[in-house]
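*Asks:* sequence plus the predicted model coming up.
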Amino acid sequence: MISTKARYALRVMTDLAGRGENGYVPLKDIAIRQEISEKYLEIILKKLVKGNILKGARGKGGGYMLTRLPKDYTVGEIIELTEGSLAPVACLMPGADACPRKDKCATLPLWEKYNALIRDFFYQITLEDLINNNF
């Protein structure tokens with residue numbers, strides 16, 4: 001299940017993308033428009049800044065802005081930055097140890113196919129697609 005953190009991250013990113021290149025947007029303004037508490041939003045924004053998909057600036061005229069064009073972000077990238085891997089089972093997580101049952105696991109092909117569907121779906125949709133409702 002996708003958590004509120006990832007869903008809110010997508011809302012924030014679409015909010016900023018929809019505003020164009022108008023400089024930094026204050027946290028308070030985003031929180032009001034998206035109806036998210038400033039405290040919770042700050043946690044999400046810190047993750048996005050740490051992941052280099054947003055820039056943050058403090059003080060007068062500060063706030064947050066995208067680091068790239070909306071067409072250069074994927075939904076999958078944003079979700080994985082806030083959620084972690086989208087892999088449906090532990091053995092398909094990035095960096096997971098090879099499963100000792102891999103060669104005799106009857107369900108592994110099922111999980112691999114499901115994993116590919118999830119990744120293909122979320123990584124083909126861009127932030128630009130979301131703001132233009134084009135997916």
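*Replies:* Okay, I see it. A quick note: this is a predicted structure, and the numbers were derived from the prediction, not measured.
*Asks:* now the helices for the chain?
*Replies:* 4-18, 27-34, 38-50, 75-83, 108-124, 127-131 (DSSP state H).
*Asks:* which of the residues in the longest one are buried?
*Replies:* Judged by neighbour count (16 or more other Cβ atoms under 10 Å), helix 108-124 contains these buried residues: 108, 111, 115, 119, 122. Just so you know, the C-beta spots here come from the backbone N, C-alpha and C atoms, and that holds for glycine as well.
*Asks:* hmm, back to that, and of the helices of the chain, who's closest to Met93?
*Replies:* Between Met93 and the helices of the chain, the shortest separation by Cβ to Cβ is 9.8 Å, and it involves helix 108-124.
*Asks:* how far away from the center of its chain is that closest one?
*Replies:* With Cα atoms, centre = their mean, to the nearest Å as the basis, helix 108-124 stands 17 Å off its chain's centre.
*Asks:* what angle sits between that helix and helix 75-83?
*Replies:* 110 degrees (axes from the mean of the first three to the mean of the last three Cα atoms, to 10 degrees).
*Asks:* before we move on, back to that, closest to Gly95 out of the buried residues of helix 108-124?
*Replies:* Using Cβ to Cβ, Asn115 comes nearest to Gly95 of the buried residues of helix 108-124, at 14.6 Å.
*Asks:* leaving out chain neighbours, which residue sits closest to the closest one?
*Replies:* Setting aside the residues directly before and after it, Asn115 is nearest to Leu92 in space (Cβ to Cβ, 6 or more residues apart in numbering), at 5.1 Å.
*Asks:* right, and the helices of the chain - which one's nearest Gly61?
*Replies:* Proximity to Gly61, assessed across these by Cβ to Cβ, is greatest for helix 27-34 (12.6 Å).
*Asks:* and the closest one, what's buried?
*Replies:* Residues of helix 27-34 classed as buried: 27, 30-31 (neighbour count, 16+ other Cβ under 10 Å).
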